[in-house]
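[1] the following comprises the amino acid sequence and a computationally predicted model.
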Amino acid sequence: MEYAELMSRVQASLQRGVETVERSRLDREGETRVYLSVESVDVEIPVRPETQAGTEAIRQSESDAGDLDELGVTPGEGDGRLRFSFVPSKVGELDPSPRLPLSYLQGIGEATAERLRRAGVEDVRDLARRDPRAVAVETGLSEARTKRFIDMARHVKLGADSQLAEALVRLNIDRRTLAATPGEELKRTVREAEQKGELSLPQQYRIDDSMLDAVMHRAERTSVLSGDVPERVLEHGAVRESLQTERFEDQNQSTE
């Protein structure tokens, strides 16, 4: 067996071993954190002793038996097996969003940022985890204002820059709406608001489709991981159920 083939089998075995991944852990505000649930991966690969890889593995196993007992290559005739384990050196939170200062968000100056820091809010990522009502109580800011800041922070966590985050909040678009609204409908809403000058964007700034696509994709993915059912879907289901009930009642009345 060539070295490349041996490594290919290792890779395939590892791929099968790490498929069990905890999908998500959520806090009360819908913060998504993904963790590996795999503590170790055991690999076992058949090795023929007459091949170069098999011979080298057996020789190493025999010479270093004290340190490599788990290598487990069986010398002699027939097939041997190469056994070993991979143990992750670190299992932790996967969060691609950068640690941005609070002043990155539109409308947060140094004075407001200081009030937030005194309430224990360190940066944009931390703000995105918070509850608007609790932050309002701790900072003395209005709940409407803190909700605006938190919604912008959550959009930034989805990959939006500060201008796009503010534009979406101006249009009353939150994460759930991003996940539930068809892409073309959302783009049309943004384009119309942009043309009417309702978004207060810098003169040279343009919201392109790729920016919206990226944010919508992450919003949808986060919504699926968290188990959220978008409000619009619930409303649609309620209307559909109502219509079905009315139709059933009409049928009953017609048969009486």
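    Now that the structure is in, tell me what you want to look at.
[2] check contacts around residue 219.
    158, 175-176, 178-179 (Cβ atoms under 8 Å, 6 or more residues apart in numbering). Heads up, the C-betas are built off the backbone N, CA and C, glycines and all.
[3] taking those residues, tell me the two that lie furthest apart.
    158 and 176 (11.8 Å; Cβ to Cβ).
[4] who's more crowded, those two?
    residue 158 (23 against 19; other Cβ atoms under 10 Å).
[5] any idea how far the closest residue to residue 105 other than its chain neighbours is from residue 184?
    Counting by Cβ to Cβ, 6 or more residues apart in numbering, residue 152 is the residue found nearest to residue 105 once chain neighbours are left out, at 5.0 Å. According to Cβ to Cβ, to the nearest Å, residue 152 and residue 184 sit 24 Å apart.
[6] show me which of the two is the more surrounded one.
    The neighbour comparison of residue 152 against residue 184 (other Cβ under 10 Å) goes to residue 152, with 27 against 9.
[7] what comes into contact with the helix or strand containing that one?
    Take DSSP states H and E as the rule and residue 152 turns out to sit in helix 143-157. With Cβ under 8 Å, 6+ apart as the test, helix 143-157 has contacts from 97, 100, 104-108, 116, 124-125, 127-128, 130, 132-133, 135-136, 139, 162, 164-166, 168-169, 174-175, 215.
[8] mind listing what's buried in it?
    Along helix 143-157, these residues count as buried under the neighbour rule (16 or more other Cβ atoms under 10 Å): 145-157.
[9] now do stretch 101-119
    Here stretch 101-119 shows 102-106, 108, 112-113, 115-116, 119 as buried, counting by 16+ other Cβ under 10 Å.
[10] end to end on it, go ahead and measure it.
    15 Å (Cα to Cα, to the nearest Å).
[11] next: stretch 193-207.
    Termini of stretch 193-207 sit 11 Å apart (Cα to Cα).
[12] what's in contact with it?
    Contacts of stretch 193-207 from elsewhere in the structure, counted by Cβ under 8 Å, 6+ apart, are 163-164, 166-167, 170-171, 190.
[13] run the angle between the helix or strand just after the helix holding residue 152 and helix 143-157 for me.
    Using DSSP H and E, the helix or strand that follows helix 143-157 towards the C-terminus is helix 162-170. Orientation check (axes from the mean of the first three to the mean of the last three Cα atoms, to 10 degrees): helix 162-170 against helix 143-157 gives 130 degrees.
[14] which residues does helix 162-170 contact?
    104-107, 148, 151-153, 155-156, 160, 174, 178, 190, 193-194, 198-202, 205, 207, 211-212, 215.
[15] same thing but at 6 Å, please
    Residues outside helix 162-170 that contact it (Cβ atoms under 6 Å, 6 or more residues apart in numbering) are 104-106, 148, 151-152, 155-156, 199, 205, 207, 211.
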